[in-house]
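Colleague: Got a predicted model here, sequence first, then my questions.
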Amino acid sequence: MKQLFLTVAFFLLAMGTYAQDEKTEELVDGKWNLKGVTGLNLSQTAVSNWSAGGENAMAGTVYLNGSLVRKSGNWLWSNALALEYGLTNTKSLGTQKTGDKIDFTTQLGYSTDNKWYYTVMGDFKSQFYKGYNYPDKEHYISKFFAPAYTNISLGIEYRPNTTYSIYMSPLAGKLTFVEDDYLSSIGAFGVDPGDRFKAEFGAYVKARAEKTIMENVKLISTADFFTAYDSSFGNIDVNWDLLISMKINKVLSASVNTTLKYDDDVKIINDDGTTGGPKVQFKEVIGVGVAYNF
């Protein structure tokens with residue numbers, strides 16, 4: 001767990017330094033503020049009589065990451081949505097899923113100084129379609145709403161402008177749903193075998209940054225940290241997403257998308273099919289395609 005504490009400390013320190021340096025766009029009262037990026041990345045490999053070996057392959061990922069914020073007097077309503085779905089196809093392995101994400105957050109806050117907000121927050125995380133531990137395509141390990149995660153919390157948020165925010169809650173409920181007979185029966189994602197629902201009460205921190213770091217280069221980073229008030233207190237569940245979108249010209253773009261996860265309740269399936277303990281999960285996608293910044 002030492003590595004996770006260092007990860008949390010590093011992220012919060014980076015956000016603190018970033019906050020001190022950032023003096024950009026202010027929220028405008030009575031107006032919606034929409035920001036984000038959406039795009040499609042494609043790649044293709046074609047070989048014919050290639051002596052070094054290889055096979056034809058095609059891959060694609062569509063993504064959206066944006067925020068919608070409205071300030072009205074002392075009230076602030078903020079929404080953030082991140083979607084991703086990716087597939088790859090090869091002759092030997094067929095079609096496989098490489099990315100699948102649904103992540104929505106909404107929050108309502110009240111402030112008297114336009115920086116610190118007393119906030120109620122809710123979010124939802126899941127995926128669109130079945131996932132497999134490839135090359136095994138017979139037994140799925142996830143699907144829509146299996147799992148699905150919801151956090152409902154009360155706390156305080158520091159949001160001086162539209163570029164970054166840090167939300168802290170000592171009163172948070174984490175709900176885990178496994179709405180599938182098979183996955184429920186094996187106790188997947190931390191639920192008791194046969195159950196479809198698990199509730200945990202604990203502390204929650206959420207940080208978000210969205211900034212143009214140089215000309216035609218946009219960075220969006222969101223990180224969630226949760227620890228339950230039970231015997232596992234101090235074991236921090238982490239979900240850290242980072243998207244860097246680079247505009248090459250009017251048509252072409254490149255992107256780097258990474259996700260780091262750790263959930264103390266999720267057991268990892270090893271390459272030999274056995275179930276192991278929780279581990280740090282990491283995914284990286286680098287792509288070239290088309291994108292639209294808004």
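Modeller: Okay, I see it. Numbers count the residues shown, from 1 in each chain.
Colleague: For the residue sitting nearest the centre point of the chain, give the beta-bridge partners.
Modeller: Closest residue to the average C-alpha location of the chain: residue 241 at 4.6 Å, with CA atoms, centre = their mean. Counting by DSSP bridges, residue 241 is bridged to residue 222, residue 259.
Colleague: who are the neighbours in contact with it?
Modeller: By CB atoms under 8 Å, 6 or more residues apart in numbering, the contact set of residue 241 is 82, 103, 220, 221, 222, 223, 257, 258, 259. Backbone N, C-alpha and C define where each C-beta goes, glycine included.
Colleague: make it 10 Å
Modeller: Taking CB atoms under 10 Å, 6 or more residues apart in numbering, we find residue 241 in contact with 65, 82, 84, 101, 103, 208, 220-224, 257-261, 283.
Colleague: ditto for residue 99
Modeller: 41, 59-63, 84-88, 127, 257, 259, 283, 285, 287.
Colleague: Among those, which ones are in strands?
Modeller: 41, 59-63, 84-88, 257, 259, 283, 285, 287 (DSSP state E).
Colleague: Which two among those residues are spaced furthest apart?
Modeller: Pairwise distances across these (CB to CB) peak at 18.1 Å, for the pair 60 and 259.
Colleague: quick one on the thing from earlier: separate out the buried members of the ones in strands among the contacts of residue 99.
Modeller: Buried by 16 or more other CB atoms under 10 Å: 41, 59-63, 84-88, 257, 259, 285, 287, out of the ones in strands among the contacts of residue 99.
Colleague: Which of the residues you listed sits closest to residue 193?
Modeller: Nearest member of those to residue 193, counting by CB to CB, is residue 259, at 28.0 Å.
Colleague: Residue 240 is in contact with the closest one, correct?
Modeller: Yes: at 7.0 Å, residue 259 and residue 240 qualify as touching, with contact defined as CB atoms under 10 Å.
Colleague: Give me the neighbour count for residue 176.
Modeller: Using other CB atoms under 10 Å, residue 176 is surrounded by 21 other residues.
Colleague: which stretch of helix or strand covers it?
Modeller: strand 164-177 (DSSP states H and E).
Colleague: Would you pull up how far that strand lies from the middle of the chain?
Modeller: 14 Å (CA atoms, centre = their mean, to the nearest Å).
Colleague: And for stretch 149-165?
Modeller: Distance of stretch 149-165 from the chain centroid (CA atoms, centre = their mean) equals 15 Å.
Colleague: what comes up buried for it?
Modeller: In stretch 149-165, counting by 16+ other CB under 10 Å, buried: 149-151, 153, 155, 157, 159-165.
Colleague: Can you tell me which of those is nearest residue 248?
Modeller: residue 163 (24.0 Å).
Colleague: now the closest one: how far from residue 182?
Modeller: As judged by CB to CB, to the nearest Å, residue 163 and residue 182 stand 44 Å apart.
Colleague: same question, residue 151
Modeller: Applying CB to CB to residue 151 and residue 182 gives a distance of 26 Å.
Colleague: Next: residue 42.
Modeller: Noted for residue 42: a distance of 34 Å to residue 182, by CB to CB.
Colleague: before we move on, what about residue 106?
Modeller: Taking CB to CB, one finds residue 106 at 31 Å from residue 182.
Colleague: same check, this time on residue 204
Modeller: Noted for residue 204: a distance of 30 Å to residue 182, by CB to CB.
Colleague: mind listing the helices for the stretch 51-200 of the chain?
Modeller: 181-185 (DSSP state H, counting those that start in this stretch).
Colleague: For residue 137, give me phi and psi.
Modeller: With angles defined as degrees, to the nearest 10, residue 137 sits at phi -110, psi 10.
Colleague: For it, which non-adjacent residue is spatially closest?
Modeller: The shortest distance from residue 137 to any non-neighbouring residue, by CB to CB, 6 or more residues apart in numbering, is to residue 94 (7.7 Å).
Colleague: wait, doesn't that neighbour sit right on residue 58?
Modeller: No: Residue 94 is beyond contact range of residue 58, at 11.7 Å (criterion: CB under 10 Å).
Colleague: what touches both of those two?
Modeller: Applying CB under 10 Å, 6+ apart, one finds that residue 94 and residue 58 are jointly contacted by residue 88.
Colleague: returning to that earlier point: buried subset of the contacts of residue 241?
Modeller: For the contacts of residue 241, buried by 16+ other CB under 10 Å: 65, 82, 84, 101, 103, 208, 220-224, 257, 259-261.
Colleague: follow-up on the earlier one: for residue 259 and residue 240, list the residues in contact with both.
Modeller: residue 282.
Colleague: ok, and for the strand holding residue 176, which residues are buried?
Modeller: Counting neighbours by 16+ other CB under 10 Å, strand 164-177 gives 164, 165, 166, 167, 168, 169, 172, 173, 174, 176, 177 as buried.
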